[in-house]
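Asker: sequence and predicted structure, then a few things I'm wondering about:
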Amino acid sequence: MVKLRFAPSPTGNLHVGNYRTALINFLFTKINSGHFLLRIDDTDNERSKIEFEKSIKEDLSWAGLKWDSEVKQSSRIKRYRQVLESLIKKQFVYPCFETPEELLLKRKSQLSSGKPPVYDRSSLKLSPSNIEKYISEGRKPHFRFMLNHETVFWNDLVRGECKYNMKNISDPIIVREDGRFIYTLASVIDDIDLNITHIIRGEDHVTNSAAQIQLFNSLGSKAPTMGHLSLMTDFEGESLSKRIGSISLKELRHNEIESLSLNSYLSLNGTSKNIILRNNLHEIISDFKISDFNRAPTKFNFNDLKKLNSKFIQQLNYEEIKSRFNYLDLKIEKNAWEVIKSNIFSLSELKKWDQIIYGELLENDVEEIMKENFIKHMPENKFNSETWKNWTYNLEKNLDIKKSEIFKLLRKALTGISKGPEMSELILIMGKEKILDRLKK
Ligand code: GLU
């Protein structure tokens, strides 16, 4: 059976780049009727926080990515120790005694003499008496996995034929001197024990994967099928990383982006297909193909996402909308909704329109004299569908101002902003009294 895992480290909120990995793992699992495991990579007990684990789960649930089972790496330390012992015995793993400062110095001198900064395995040459001396001085070893200096090949689900020359990388550290396990080994043990069949993750893991393929082999297993997705960049081309605080799912949720809009967007962005709004998650699943994803960096364009979201909102009827904004305590009525809906990207904007249409307070920088003119030339009869046309006609005729400028100023005086829905309809909803009142203030 196909089994995939999404393995976040709970060291920050889920950002959209990470979430994309989760979604693609989920879709790949579902299209293959497989099992989706959520693995919490929390071996770094200094940076891992329970509140991040909670918020990651909240985000996944909000997005509809139901996981079939769950495991936390912190609960498997005993198992990792066992495997470590066996790897040490088989001499796949060796203790090292360099301090971080010593390692840094080594790197610097290698770089300055034009050599690649690959660890020179000097701890391997330590005699037993050297090691004893270090230990008696209180030095604690960290452990490295000894790579086989051959070329590793794999057939990548996204990148096709891949190869990696292992001479170019350092033997990876798998346990720190304080005993903490690094993800590199822990992940491989979990993937073996939990029968993971495919690993899909970001391109930033390619080097890791090459080393991990050898780790799988050293533990007598064949590595799962690998797929490395291109990284998502923001519009300027910077990679989206939680460390630079780029868009988190929390933020998207706060902006009232719907999960269907987000899932539609992320399942198509980075493929050559058109980005369209899907009707539901099933449709996204049934149209999913990992081979659609290309290798070029994937640009995250918030405006495209907002467009899909606006489409989603426009498809909802008033009752559905109302049930969504009920908790916001808004007055917006059906006729108002019909007028403003084509101008909003997310429900978070309803608050603003509620204020504009039904509220009192309003700021704008239209001059008083202009507002007086607006009142003076306002059609006298009851507001109707011709009012806006007649009103702006009167203004144009009597003031020496271009029509487009009149439109802009009058809109601003009435709504406080320079863009928005059809004014001829909006003024009918606001009503003559409110409008007069607003212009007088
Ligand atoms: N915890 C790792 C990360 O967030 C998981 C990588 C993997 O999928 O193996 O980068």
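Answerer: That came in fine, so what should we check first? Numbering: from 1, shown residues only.
Asker: tell me where the stretch 251-400 of the chain has strands.
Answerer: Counting by DSSP state E, counting those that start in this stretch, residue ranges of the strands within the stretch 251-400 of the chain are 298-299.
Asker: which parts of it are helices?
Answerer: Taking DSSP state H, counting those that start in this stretch as the test, the helices found in the stretch 251-400 of the chain are 259-268, 281-286, 302-315, 318-325, 334-340, 350-358, 368-376, 387-398.
Asker: looking at the ones you listed, which is closest to the ligand?
Answerer: When those are ranked by distance to the ligand, counting by Cβ to the nearest ligand atom, first place goes to helix 259-268 at 16.8 Å. In short, each C-beta sits where N, CA and C put it, glycine included.
Asker: tell me what the closest one is packed against?
Answerer: Using 3 or more Cβ pairs under 8 Å, 6 or more residues apart in numbering; DSSP states H and E as the contact criterion, the neighbours of helix 259-268 among helices and strands are helix 16-31, helix 50-63, helix 281-286, helix 302-315.
Asker: and residue 253, which of the ones you listed is closest to it?
Answerer: helix 50-63 (6.3 Å; Cβ to Cβ).
Asker: what's downstream of that closest one, the next helix or strand?
Answerer: Toward the C-terminal end, the helix or strand that comes next after helix 50-63 (DSSP states H and E) is strand 69-72.
Asker: which strands or helices does that following strand pack on?
Answerer: Using 3+ Cβ pairs under 8 Å, 6+ apart as the contact criterion, the elements in contact with strand 69-72 are strand 35-40.
Asker: and the strand it packs on, which residues are buried?
Answerer: Neighbour counts over strand 35-40 (16 or more other Cβ atoms under 10 Å) mark 35-40 as buried.
Asker: dump the helices of the stretch 251-400 of the chain into TSV; add mean neighbour count and mean pLDDT as well.
Answerer: Putting the helices of the stretch 251-400 of the chain into TSV (neighbours: other Cβ atoms under 10 Å; pLDDT from 0 to 100) gives the following:
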stretch	mean neighbour count	mean pLDDT
helix 259-268	24	97
helix 281-286	16	98
helix 302-315	17	91
helix 318-325	14	84
helix 334-340	17	92
helix 350-358	18	90
helix 368-376	15	94
helix 387-398	16	95
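Asker: make JSON lines out of these and add distance to the ligand.
Answerer: Conversion of these to JSON lines gives the following (distance: least, Cβ to the nearest ligand atom, whole Å):
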{"stretch": "helix 259-268", "distance to the ligand": "17"}
{"stretch": "helix 281-286", "distance to the ligand": "21"}
{"stretch": "helix 302-315", "distance to the ligand": "23"}
{"stretch": "helix 318-325", "distance to the ligand": "33"}
{"stretch": "helix 334-340", "distance to the ligand": "41"}
{"stretch": "helix 350-358", "distance to the ligand": "36"}
{"stretch": "helix 368-376", "distance to the ligand": "57"}
{"stretch": "helix 387-398", "distance to the ligand": "55"}
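Asker: thinking again about what came up before, for the helices and strands packed on helix 259-268, give me TSV that also has distance to residue 141.
Answerer: Converted to TSV, the helices and strands packed on helix 259-268 look like this (distance: least, Cβ to Cβ, whole Å):
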stretch	distance to residue 141
helix 16-31	33
helix 50-63	30
helix 281-286	48
helix 302-315	47
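Asker: closest to residue 164 out of these?
Answerer: Judged by Cβ to Cβ, the one of the helices and strands packed on helix 259-268 that comes nearest to residue 164 is helix 16-31, at 20.7 Å.
Asker: alright, that wraps it up for me.
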